[in-house]
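Peer 1: Give me a 3D structure for the following:
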Amino acid sequence: MRFRVLLKLAARSVGRNTRRSALTASAMVIGLALLIFSRSISEGAHEQWITSALRMGTGHVAIQAPGYLESGKLEDRIGAKAYQRALDAVEAVADDRVVAHAPRLTVTGLASSASSALPVRIEGVDPDGERLYSDLDEKVEDGRYLQHDDRLHAYIGVELARRLGLKVGTRFVLTAQSASGDVEGQLVRVAGIFKTTVPEMDEGLVHIPIETAREWLGTPGAVTTHAVLLASARGTDGVVDDLQDRLSGDPDVRVLGWREASPALRSALLVDDYGNYVFHAILFAIVALAIMNAVMMSVLGRRREFGVLQALGLTGAQTGWVVFGEGMFLTAVSGFVGMGLGFLFTWVFFREGLDFSSFVESEGAWASAGGVVDPVVVPIFHSSQVMLSLYFILVMGTLASIYPAMRASKLDIAEAMKFDR
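Peer 2: Purely as a prediction, here's the structure:
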C-alpha cells in the first residue's frame, strides 16, 4: 500500500509539471530514436560489408587444410579424397542458411606478356558455381566471364590488362610453383576484363577454370579452400558447428568461420564498432544528463512541496523514493516511445535503404577491407541490439535519478517550510 502511494505521488508530480516533463521526455525520446536508427543502419552496413567482402574471398565458412591459413601455400591443400568428404558434408548441411558454395584452388604467381610482368593471385574456380557465389561476373568491362567449357581462358582486372597491354582475345603467360616444386608456365587467353573499385583486385586477381589450374599445377581433384556463402553472417557459428561435427574425425580438413579466415575484415569491423560505441556513449550521456538536469531542477524548485510531504508524515527516504520514481517513470515511458518512434521513422523513410552514393567518388560502390560495398545501405533490426539499447537507457535513467533522490531525502524540513518571498 505504501509503495503504491509513493508511485502515485511520483506519477502525479510528473503530470502536474507537464512542461518540464515534456522537455525531458523529448530529449530522451529523440536520443533513443536516433540510437535505434543508427544501430539499424550500422547493422545493415556491417551485414552488407561482410557479405560483399566474403563473396570476393573465403566466404562465411571456409574449409581448408590445417596449415593453409598460416602458410597460404599450395602444399597445404585438400586432396581429392578429403575434398570429396568435405563437399559431402557441405551438401548434407545445406539448407536455407546456405546461399552458395564454391571450390577455390589459389596460388601466387606471375602474369607476363611481351610488355611487362606482374605478381598476381591466381584462382582456379568453377565458372558455374562462381556465378552463384560471387558477383565478379557482373563487373565485366569487356568480353565475358568464364564458361563451363572454357579451358585455356582467363578473367582479369582492368588495371592488370592495362599494365600488361592485354585485351580480350590476347594471350599471356601465368607462372607459378606447381605441387612438384617446379616452376611451371601456363599460356592462357583473355576471355574477359572486369573492373571493381578495389585496386588490388583490378591489378592482382586472375580467374581461370579450376580444371585447368589442377592440370597445370599437378593437383588433380584438389582445392585450397571450399568457400560457403550464407544468407546472414549471424548464422556462421551454427554452420561451422554442424560441419565440424561431420568432419570432426578428419585430420585433413579444418572448418573456419569468417572471423578466423578473414582477420583483416574482422579488424576493420572492430574499428568501426569502436566508433559506433563512442557515438552511442555520447548519446547515452546526453540522455542521462537530460534526466539528471530535469529531476534535479525539480528537486531544487519544489523544496517547500517536499517539506509539506515530510511534515504530513513522509520520511526523508520516502521523499527520495518519490523523486527516484519520477525519474524512472519518465525513463520508462520515454524509452518505449523512443523505440517506437525510431522503428517507425526508419521503416517509413529508409526501408528501401539509405543512399550514400553522394559521398562516393567512384561509380556506384566503394571499397573496404577487400570488398566492393553498395552505397545503398538497407537497415537491419536485430532484437538483441534493440533490447540492449533499451536496457542501457533504463540503466542510465536509474543512475541519473539516484543523486537527485538522495538530495531530496536529505532536505531540512524547517528550511524547506520557510516562506519564499
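Peer 1: going forward, measure contacts and count neighbours with C-alpha atoms only.
Peer 2: Noted.
Peer 1: Could you give the average pLDDT over the helix or strand residue 335 falls within?
Peer 2: In the assignment (DSSP states H and E), residue 335 maps to helix 316-350. Averaged over helix 316-350, pLDDT sits at 77.
Peer 1: now swap in stretch 390-409 and tell me
Peer 2: Per-residue scores along stretch 390-409 average to 75.
Peer 1: List the buried residues in that stretch.
Peer 2: By neighbour count on 16 or more other C-alpha atoms under 10 Å, the buried set for stretch 390-409 is 390, 393-409.
Peer 1: ok, now stretch 105-113?
Peer 2: For stretch 105-113, using 16+ other C-alpha under 10 Å, the buried residues are 105-113.
Peer 1: how far does the helix holding residue 335 sit from the chain's center?
Peer 2: 29 Å (C-alpha atoms, centre = their mean, to the nearest Å).
Peer 1: for that helix, packing partners?
Peer 2: Contacts defined by 3 or more C-alpha pairs under 8 Å, 6 or more residues apart in numbering; DSSP states H and E place helix 316-350 against helix 2-16, helix 18-55, helix 263-301, helix 303-311, helix 383-409.
Peer 1: need those helices in JSON lines with distance to residue 74, can you?
Peer 2: As requested, those are exported to JSON lines (distance: least, C-alpha to C-alpha, whole Å):
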{"stretch": "helix 2-16", "distance to residue 74": "71"}
{"stretch": "helix 18-55", "distance to residue 74": "21"}
{"stretch": "helix 263-301", "distance to residue 74": "20"}
{"stretch": "helix 303-311", "distance to residue 74": "79"}
{"stretch": "helix 383-409", "distance to residue 74": "42"}
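Peer 1: Out of those, which gets nearest to residue 95?
Peer 2: Closest to residue 95 of the helices and strands packed on helix 316-350, according to C-alpha to C-alpha: helix 18-55, at 17.8 Å.
Peer 1: now stretch 55-66: mean pLDDT?
Peer 2: Stretch 55-66 comes out at a mean pLDDT of 87.
Peer 1: how about the CA coordinates for it, as PDB?
Peer 2: Taking C-alpha atoms only, stretch 55-66 is exported to PDB below (Å, rounded to 0.1, in the frame of the first residue of the first chain):
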ATOM      1  CA  ARG A  55      31.900 -13.100 -51.600                       C
ATOM      2  CA  MET A  56      35.300 -12.000 -53.000                       C
ATOM      3  CA  GLY A  57      37.200 -14.200 -50.600                       C
ATOM      4  CA  THR A  58      36.700 -17.300 -48.400                       C
ATOM      5  CA  GLY A  59      33.000 -17.000 -47.600                       C
ATOM      6  CA  HIS A  60      31.300 -17.000 -44.200                       C
ATOM      7  CA  VAL A  61      32.700 -20.500 -43.700                       C
ATOM      8  CA  ALA A  62      35.900 -21.800 -45.200                       C
ATOM      9  CA  ILE A  63      37.000 -25.400 -45.400                       C
ATOM     10  CA  GLN A  64      40.800 -25.600 -45.700                       C
ATOM     11  CA  ALA A  65      43.700 -27.900 -44.900                       C
ATOM     12  CA  PRO A  66      45.000 -27.500 -41.400                       C
END
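Peer 1: Fine by me, we can end here.
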